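> Predicted model, plus sequence, below.
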Amino acid sequence: MPKSNALTEPFLQPRPAVIKDPSKASGEYKQKKRAKNVSGTLSRIWKYLARRKLKLGLVLFMVLISSALALLGPYMIGIAVDNYLSGEGTFWGMGWVRFLIVLGVVYFLGPITMFLQSVWMIEIAQETVYRMRVDLFSHLHKLPIPFFGKRQQGELMSRVTNDMENVSATLNSSAIQIFSSILILFGTLGVMLSLSPLLTLLTFIVVPLMAIGMRWITRRTGPLFKERQSNLGDLNGYIEETLSGQRIIKAFSQEDRVKQEFAVRNERIRLSGFWAQTISGMIPKLMNSLNNLSFALVAGLGGILAINGQVTIGVIIIFVEYARQFTRPLNDLANQWNTLLSAIAGAERVFEIMDEEVENKDEGKAVKLDHVEGEVKFEHVSFGYDEGRSILSDISFEAKPGETIALVGPTGAGKTTLIQLLSRFYDTSSGKITIDGQEIGTIQRENLRSHMAFVLQDTFLFEGTIRENIRYGRLDATDEEIEEAAKLANAHSFIVRLEDGYDKKLTNGGSGISQGQKQLLAIARAMLADPAILVLDEATSSIDTVTEIKIQQGLQRLMKGRTSFVIAHRLNTIRQADQILVLKDGGLLEHGSHEELLEQGGFYSGLYNGLYNGQDMQEEAGD
Ligand SMILES: Nc1ncnc2c1ncn2[C@@H]1O[C@H](COP(=O)(O)OP(=O)(O)OP(=O)(O)O)[C@@H](O)[C@H]1O
């Protein structure tokens, strides 16, 4: 049996329902804003940042310089005024021209250092987030199928996009701004105290008022912003749901109802957004007023102190400037703090995924099979998705290389589950499954799956050309091999009739081609992969007779010489199978060829002789 080296089609889990209201649907979403382990998360972010230690050092150096320059400018002006008034004529030992030049340099260098620190920090931030994104994405793809079964797709998406974006934005500016704000704040305080403790006290008298005012406002805006976020999530979920359910909405003429529901959700955002923005818009006004109050106090009381000779005019000028200056970092700190906390929470959510155990964690000692004949054995296999609920129990059978095994049974009997165990998307609870005598638990998962191909009912096509989609079966296949596979699969004739032939671009999961054509492509893909073991889920949807015949022919060629497991719906397929496994309630009820089972006169023969009069065996079995 030839060997393939690529999985032909991911064994898709059914798409989880879209979150209607993320704040309700997932407890996790609610906790999103707060990190549980801030120091642990910060140290992990640091590990990424530390790769650019040198540049980071430069950034910090620039922050120090720019903060020092921000303090120096007003200080120099104050000194100059004092020295001028006292008629000293020199300023720090300099003539006024030199002094002005130095002052000019101080004010000129300030923005330059800020520009440099910001550009370098953006570079570090973008690289850090780039690496984190790469790690997260590659980790996501190593996670086992059960992980995806338990998670909301939208929620996972939001971690890769929103949370990463949050981290990115914060690293870009907030982190450095917070650091610089703290430096300026303490620097200002230090210089002020050294000049006049009394004036410092006067200047800072407004700080508690600011704190009280800010607290009053944020207490009101906090819940409003949260509500707005949650409403936004709700609206996003609704838009996603209605877009993916477009056909159903149109088919049931639900457009008006959908519009009304959208309007209700949209209105909720408008209201919460209005109040959140209006109340938070009061912050700058409050800050401004208190700033002016501080200015008046320093100017007025400072004047009295100056008359009494306790401080100089220059010192008052320095204080007036600083008073204006220190509210900015205070403001920044208040603004950036929340952003920082939410970014840490976002990073934590990203790391949470990275900490999930990967599928091939302990595969170091696992074997790799270069060649597979296709002998498959199930020995007393039992399994349950959740503890305490058995789905398959004590299944035993043997498939010889090249045989076709039809899986028959009512809906929910466990046919898909059996296939999932064979491809090790899930591991058995007890018993063992072997391929060519090798227990599958001891084979590297990727290697195991490379010997299998899947043709499922719902063919998944990626955005790209038809050629690329077939090549998914084996990435190193030549164009000739792709065409050869398409010919064998009976897909070639329809492909060449398309406008761009093999180069036709497929979008939206292959919206431009029919269901039957999609299946032909899936067969071509599997043909190209050339696996020893094949998994087929026969389509139940009705396809026109000509295409149906083409699919059947393609499948016959594909199955030839390969061990094939078919979740069979067509009587023909079932009749021709070497073995039929009749599953019922998770157990192997009957097992044998079509003739043997008819002779047994059991469930299968009952189905066949009595109930069966249509096309779909599984449907009848379920009734
Ligand atoms: N990811 C899962 N987690 C929990 N239970 C599951 C999961 N997938 C399937 N089940 C349950 O396992 C049982 C068997 O499902 P399975 O999909 O194997 O049946 P099936 O025979 O393939 O049905 P159908 O013919 O309808 O596709 C069902 O009761 C189903 O609810």
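Nice, thanks for sending it over. The model shown is predicted, which means the values in this text are computed figures rather than measured ones.
> So what's the predicted local confidence for the residue nearest the centre of the chain?
The centre of the chain sits closest to Val160, judged by Cα atoms, centre = their mean, with a distance of 2.7 Å. Here, the pLDDT recorded for Val160 equals 81.
> Would you quantify the distance from the residue lying closest to it once chain neighbours are set aside to the ligand?
Distances taken as Cβ to Cβ, 6 or more residues apart in numbering put Leu136 closest to Val160, at 6.1 Å, once the chain neighbours are dropped. Backbone N, C-alpha and C define where each C-beta goes, glycine included. Noted for Leu136: a distance of 24 Å to the ligand, by Cβ to the nearest ligand atom, to the nearest Å.
> In what element of secondary structure is the residue of the stretch 1-150 of the chain found nearest the ligand found?
Nearest residue of the stretch 1-150 of the chain to the ligand, counting by Cβ to the nearest ligand atom: Gly149, 4.3 Å away. Here Gly149 sits within helix 145-150, counting by DSSP states H and E.
> what does Leu581 give?
Element membership of Leu581, judged by DSSP H and E, is strand 579-584.
> biggest helix in this structure, by residue count?
Counting by DSSP state H, the longest helix found in the chain is helix 96-140.
> Name the residues of the stretch 401-550 of the chain found near the ligand, please.
409, 411-417 (Cβ under 6 Å from any ligand atom).
> 8 Å instead, please
Neighbours of the ligand within the stretch 401-550 of the chain, by Cβ under 8 Å from any ligand atom: 407, 409-420, 537.
> Kindly report the same for the stretch 251-400 of the chain.
Near the ligand, when you scan the stretch 251-400 of the chain using Cβ under 8 Å from any ligand atom, you find 385-386, 389, 391-392.
> Make sure the residue nearest to the centre of the chain is indeed in a helix.
Yes: checked against DSSP: H, G, I helix; E, B strand; the rest coil, Val160 lies within a helix.
> Among the residues of the stretch 401-550 of the chain next to the ligand, the buried ones, what's the PyMOL command?
Buried members of those, defined by 16 or more other Cβ atoms under 10 Å, are picked up in PyMOL with:
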select buried, resi 407+409+410+413+414+415+416+417+418+419+420+537
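> Quick check: the farthest pair among the residues of the stretch 401-550 of the chain next to the ligand?
Distances among those were taken as Cβ to Cβ; the most separated pair is Pro410 and Gln420, at 17.9 Å.
> what's the helix or strand for the spatially closest residue to Gly273 that is not a sequence neighbour?
The spatially closest residue to Gly273, leaving aside those adjacent along the chain, is Arg228, at 5.2 Å (Cβ to Cβ, 6+ apart). With secondary structure defined by DSSP H and E, Arg228 is part of helix 206-244.
> With Ile433 instead?
strand 430-435.
> Parallel or antiparallel, list what pairs with the following helix or strand past that strand.
Using DSSP H and E, the helix or strand that follows strand 430-435 in sequence is strand 438-439. If you go by DSSP bridges, strand 438-439 pairs up with strand 430-435 (antiparallel).
> in the partner strand, what's buried?
Under 16+ other Cβ under 10 Å, the buried positions of strand 430-435 are 431, 433-435.
> likewise stretch 188-204?
Here stretch 188-204 shows 188, 191-192, 195-196, 199-200, 202-204 as buried, counting by 16+ other Cβ under 10 Å.
> same check, this time on stretch 495-510
495, 502, 504, 506, 510.
> do the same with stretch 216-235
So stretch 216-235, judged by 16+ other Cβ under 10 Å, has buried residues 217-218, 221, 224-235.
> before we move on, what about stretch 355-370?
In terms of neighbour count (16+ other Cβ under 10 Å), stretch 355-370 has its buried residues at 358-359, 363, 366, 369.
> Ends of it, what's the gap?
32 Å (Cα to Cα, to the nearest Å).
> Can you tell me what sits against that stretch?
Applying Cβ atoms under 8 Å, 6 or more residues apart in numbering, the contact partners of stretch 355-370 are 3, 139, 142-144, 147, 435-436, 438, 442-448, 451.
> ok, back up a step: quick check: which helices or strands does the strand holding Leu581 pack against?
Here strand 579-584 touches strand 392-399, strand 404-408, helix 415-422, strand 587-592, helix 594-600, helix 603-605, going by 3 or more Cβ pairs under 8 Å, 6 or more residues apart in numbering; DSSP states H and E.
> Repeat the analysis, applying 6 Å as the threshold.
Packing partners of strand 579-584 (3 or more Cβ pairs under 6 Å, 6 or more residues apart in numbering; DSSP states H and E): strand 404-408, strand 587-592.
> Would you mind finding the most buried of these?
Per-residue neighbour counts averaged over each of the helices and strands packed on strand 579-584 give the maximum for strand 404-408, namely a mean of 25 (mean count of other Cβ atoms under 10 Å).
> Paired strands for that strand, with orientation please.
By DSSP bridges, strand 404-408 pairs with strand 563-567 (parallel), strand 579-584 (parallel).
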